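Asker: Dropping a prediction and its sequence here:
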Amino acid sequence: MSYEFATVEWIWSMSSIRVNLPGGEERTMPGSYNDVVTVLSGLGEQGWDVATCAGVENWLYWTLRRQR
């Protein structure tokens, strides 16, 4: 079984979301808590699962994976 990985980063004090997908695709957008939920839900609909989450002060970082 093999996986591909993606990341989602949210800096809430700056209302900034960054999504990095396989193949070098990067998306950045402004976003609040509700926007992060929308982003993670959308990725979940595409088969992505949260593998890990780390947070410090005003920053959250998720690693997502999906089976190839």
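Answerer: All right, it came through fine. Numbering: from 1, shown residues only.

Asker: shouldn't R68 be in contact with G47?
Answerer: No - at 10.0 Å, R68 and G47 do not qualify as touching, with contact defined as C-beta atoms under 8 Å. Glycine gets a C-beta too; all of them are placed from N, C-alpha and C.

Asker: Compare these two and say which is more crowded by neighbours.
Answerer: When R68 is set against G47 and neighbours are counted by other C-beta atoms under 10 Å, the residue ahead is G47, at 12 against 9.

Asker: isn't there a strand covering that one?
Answerer: No - G47: not assigned to a strand; according to DSSP: H, G, I helix; E, B strand; the rest coil it is coil.

Asker: wait, isn't it in contact with L64?
Answerer: No - applying C-beta under 8 Å, one finds G47 not in contact with L64, separated by 9.6 Å.

Asker: how about the residue positioned nearest the centre of the chain, secondary structure?
Answerer: Central residue check for the chain by C-alpha atoms, centre = their mean: the C-alpha nearest the mean position is that of V8, 2.2 Å away. The three-state assignment at V8 reads strand, by three-state DSSP.

Asker: partners of the residue nearest to it when sequence neighbours are not counted in the sheet?
Answerer: By the measure of C-beta to C-beta, 6 or more residues apart in numbering, the closest residue to V8 outside its immediate chain neighbours is W62, 4.5 Å from it. With DSSP bridges as the criterion, W62 is bridged to V8, C53.

Asker: list the contacts for W62?
Answerer: T7, V8, E9, L40, V50, T52, C53 (C-beta atoms under 8 Å, 6 or more residues apart in numbering).
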